[in-house]
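> have a look at this prediction, sequence included:
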Amino acid sequence: MISVSIAAGVAAVWLVSLPADHQSDFPSSDPTVIAAVQAQRAAEAFARERNAEIDASIAAVEAQRAAAEFARARNAEIDASIAAVQAQRTAAAFALERDQEIDASIDPTRGAAPMSSCCKPSHL
């Protein structure tokens, strides 16, 4: 009960402290003011919708750019992988050719096809 009395007393003091010429915070009932307020609210709603569409468009463009950047990065990785495989194959081919040249310089008959008429293991 005391809290209700205190609240009522505070409200009474507040009402008494208001100036006599204080205008209320409620909009006027004048039709032109009401129409102006409605027009302003409609314009604000339109601006919010337009801004939302612009934000959505910007987000879509950013998503497309991100996808394109991802594709470029992926393609660069693929190109690097292909180049690495080609380098390995080139190195392997070079090593094979080098080994064959070394083998040929050590034993000229090595690498040559054995004669089909000869069956001695020492000639193979």
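Yep, that arrived. Numbers count the residues shown, from 1 in each chain.
> now do residue 97 against residue 52, distance only.
As judged by Cβ to Cβ, to the nearest Å, residue 97 and residue 52 stand 67 Å apart. For every residue, glycine as well, the C-beta is placed using N, CA and C.
> swap in residue 58?
Using Cβ to Cβ, residue 58 is found at 11 Å from residue 52.
> what's the answer for residue 94, then?
Residue 94 is 63 Å from residue 52, where distance means Cβ to Cβ.
> ok, now residue 65?
According to Cβ to Cβ, residue 65 stands 20 Å off from residue 52.
> let's verify residue 36: helix, strand, or coil?
helix (DSSP: H, G, I helix; E, B strand; the rest coil).
> shaky segments in the protein?
Low-confidence segments of the chain (pLDDT under 70): 1-4, 7, 9-28, 108, 110-124.
> which stretches of it form helices?
2-17, 31-106 (DSSP state H).
> any chance of those helices in JSON lines, plus mean neighbour count?
Listed next are the helices of the chain as JSON lines, based on neighbours: other Cβ atoms under 10 Å:
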{"stretch": "helix 2-17", "mean neighbour count": "9"}
{"stretch": "helix 31-106", "mean neighbour count": "10"}
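> list the contacts of residue 60.
By Cβ atoms under 8 Å, 6 or more residues apart in numbering, the contact list for residue 60 is empty.
> distance of it from residue 67?
Distance, residue 60 to residue 67, using Cβ to Cβ: 11 Å.
> check residue 85 too.
Counting by Cβ to Cβ, the gap from residue 85 to residue 67 is 27 Å.
> repeat for residue 51
Taking Cβ to Cβ, one finds residue 51 at 25 Å from residue 67.
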